[in-house]
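Colleague: Structural data only, the sequence is not supplied:
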């Protein structure tokens with residue numbers, strides 16, 4: 001923005017925050033795209049890394065930059081604002097950036113389904129939503145997000161997706177037959193492990209963002225004092 005400095009401070013802040021959040025989402029999207037295209041297709045190893053969601057470890061760097069950058073932007077705000085007011089942008093940005101990688105994964109998955117089955121993106125989406133609704137009780141993004149806590153590797157053809165619920169039931173019945181345990185126990189284990197991993201990733205991202213946000217606030221306070229001193233001299 002060539003004329004950003006000529007805008008009122010609050011507008012400068014808002015524009016800077018929007019650019020920071022959009023830029024961070026773009027970086028996350030690029031990281032996920034790179035992993036989906038080059039890392040996860042590797043036989044055996046790629047599937048294992050995708051199951052563990054290793055790519056989400058990039059949150060440590062991404063959210064450190066996000067937190068520090070958003071705090072730096074507060075230099076445009078009045079100095080007497082409360083901490084919670086300065087932190088609103090971070091509170092909004094953390095879930096947006098965190099969930100953006102799963103939205104990219106869902107979009108790439110649907111395009112892969114459409115390409116492998118020679119159907120349109122809309123047809124692939126419709127079939128996927130029906131299967132996700134059956135498996136998780138939700139369709140769309142939330143259906144994908146919750147389903148992948150139990151099944152990180154979703155099928156990539158329409159035919160396999162349509163059998164997703166039956167295949168899941170068969171897999172659990174086989175586990176029950178060999179172990180003698182109730183199938184509901186395996187559902188709890190798989191779901192608990194998947195949600196536990198997601199919550200750990202979210203907690204790590206949030207903690208990293210907060211730590212570096214506090215460091216950025218220190219910089220912003222020092223920069224505000226420097227500007228005040230240079231204005232008086």
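Modeller: Noted; the coordinates are in hand. Quick caveat: nothing in here was measured; it's all calculated off a predicted structure. Residues are numbered from 1 along each chain as shown.
Colleague: Apart from its neighbours in sequence, what residue is nearest residue 153?
Modeller: Nearest residue to residue 153, sequence neighbours excluded (Cβ to Cβ, 6 or more residues apart in numbering): residue 47, at 5.7 Å. To be clear about C-beta, it is placed using only N, CA and C from the backbone, and glycine gets the same treatment.
Colleague: count of neighbours near the one you found?
Modeller: Neighbour count of residue 47, defined by other Cβ atoms under 10 Å: 14.
Colleague: now do residue 110
Modeller: Neighbours of residue 110 under the rule other Cβ under 10 Å: 20.
Colleague: So it versus residue 143, what's the distance?
Modeller: Distance, residue 110 to residue 143, by Cβ to Cβ, to the nearest Å: 12 Å.
Colleague: The longest helix along the chain - what's its average pLDDT?
Modeller: Ranked by residue count and defined by DSSP state H, the top helix of the chain is helix 183-232. Throughout helix 183-232, pLDDT has a mean value of 83.
Colleague: Surely the residue nearest to residue 153 and residue 156 touch.
Modeller: No - contact between residue 47 and residue 156 fails when scored by Cβ atoms under 8 Å: they sit 11.9 Å apart.
Colleague: ok, residues contacting stretch 125-137?
Modeller: Residues outside stretch 125-137 that contact it (Cβ atoms under 8 Å, 6 or more residues apart in numbering): 109-110, 113, 119, 138-140, 142-144, 146-147, 150-151, 158, 161-162, 164-165, 168.
Colleague: Now the buried members of these.
Modeller: With neighbours counted by 16 or more other Cβ atoms under 10 Å, the contacts of stretch 125-137 contain buried members at 109-110, 113, 119, 139, 143-144, 146-147, 150-151, 158, 161-162, 164, 168.
Colleague: which residues touch residue 204?
Modeller: 59, 60.
Colleague: show me where pLDDT drops low in this structure?
Modeller: 1-6, 165-191, 231-233 (pLDDT under 70).
Colleague: Show me where the protein has its helices.
Modeller: Ranges of helices in the chain, per DSSP H, are 9-34, 45-51, 59-73, 83-86, 88-117, 121-136, 140-150, 158-162, 164-179, 183-232.
Colleague: And for residue 77, nearest residue in space, chain neighbours not counted?
Modeller: Among residues not flanking residue 77 along the chain, residue 13 sits closest, at 5.6 Å (Cβ to Cβ, 6+ apart).
Colleague: now swap in residue 36 and tell me
Modeller: Residue 36 sits nearest to residue 108 (Cβ to Cβ, 6+ apart), 5.0 Å away.
Colleague: Can you name the residues that contact the one you found?
Modeller: Contacts for residue 108 (Cβ under 8 Å, 6+ apart) come out as 32, 33, 36.
Colleague: Dump these to CSV, plus neighbour count and distance to residue 133.
Modeller: Output for the contacts of residue 108, formatted as CSV (neighbours: other Cβ atoms under 10 Å; distance: Cβ to Cβ, whole Å):
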residue, neighbour count, distance to residue 133
32, 22, 24
33, 15, 27
36, 19, 24
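Colleague: Any idea how many residues pack against residue 103?
Modeller: Residue 103 is flanked by 17 other residues according to other Cβ under 10 Å.
Colleague: So which bits of stretch 9-17 are buried?
Modeller: 12, 13, 16, 17.
Colleague: how near is the closest residue to the first one other than its chain neighbours to residue 10?
Modeller: Spelled out, it's residue 12. Using Cβ to Cβ, 6+ apart and skipping the chain neighbours, the partner closest in space to residue 12 is residue 76 (4.6 Å). With the distance defined as Cβ to Cβ, residue 76 ends up 7 Å from residue 10.
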